[in-house]
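Enquirer: Sequence first, then the predicted structure, then my questions.
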Amino acid sequence: MAEQIMAEVSEIFFSEVKDPRVHALTITAVKVSADLRNAKIFFVEMGKDECSLEMRAGLDHATNFVRRELGRRMQLRFVPQISFVHDQSFGYGSRIDKILAEIAKTENLE
């Protein structure tokens, strides 16, 4: 179910949502509660380690539309309440990459 929601939400943002504040959005994961009533949609803003205020405002504005579209496309008995959560793991990963690159650079200089 989570994979299908992830694919549908990604498609909704790509083809239906016209808000320029969310144009750099990438959905990274979806976690659905056991009763399928709630879904946490994890995202990153491409090129940034942190979520900008504009991105958060755009997501807040689009939440009801995305939920409606999700219900229409998936034809579920209950459409889960969705919440968007910034995926911190990508920021951690990029910081680790930078540190490793600096270490490699200093080792090459010695």
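Expert: That came through, no problem.

Enquirer: Next, the most centrally placed residue in the chain: phi, psi?
Expert: The centre of the chain sits closest to F43, judged by Cα atoms, centre = their mean, with a distance of 1.5 Å. Dihedral angles of F43 (phi, psi; degrees, to the nearest 10) stand at phi -140, psi 160.

Enquirer: in the sheet, who's paired with it?
Expert: Here F43 sits in beta bridges with I27, H86, as judged by DSSP bridges.

Enquirer: check contacts around it.
Expert: Shown in contact with F43 (Cβ atoms under 8 Å, 6 or more residues apart in numbering): 25-28, 51, 59, 84-87. Bear in mind the C-beta positions are built from the backbone N, C-alpha and C, glycine included.

Enquirer: Kindly recompute the last result at 7 Å.
Expert: 25-28, 84, 86-87 (Cβ atoms under 7 Å, 6 or more residues apart in numbering).

Enquirer: which residues of this protein fall in helices?
Expert: Along the chain, counting by DSSP state H, helices occupy 2-15, 53-74, 89-109.

Enquirer: Columns mean pLDDT, distance to V32 and mean neighbour count on top of those, output as CSV?
Expert: Formatted as CSV, the helices of the chain follow (pLDDT from 0 to 100; distance: least, Cβ to Cβ, whole Å; neighbours: other Cβ atoms under 10 Å):
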stretch, mean pLDDT, distance to V32, mean neighbour count
helix 2-15, 94, 5, 16
helix 53-74, 93, 12, 16
helix 89-109, 77, 19, 11
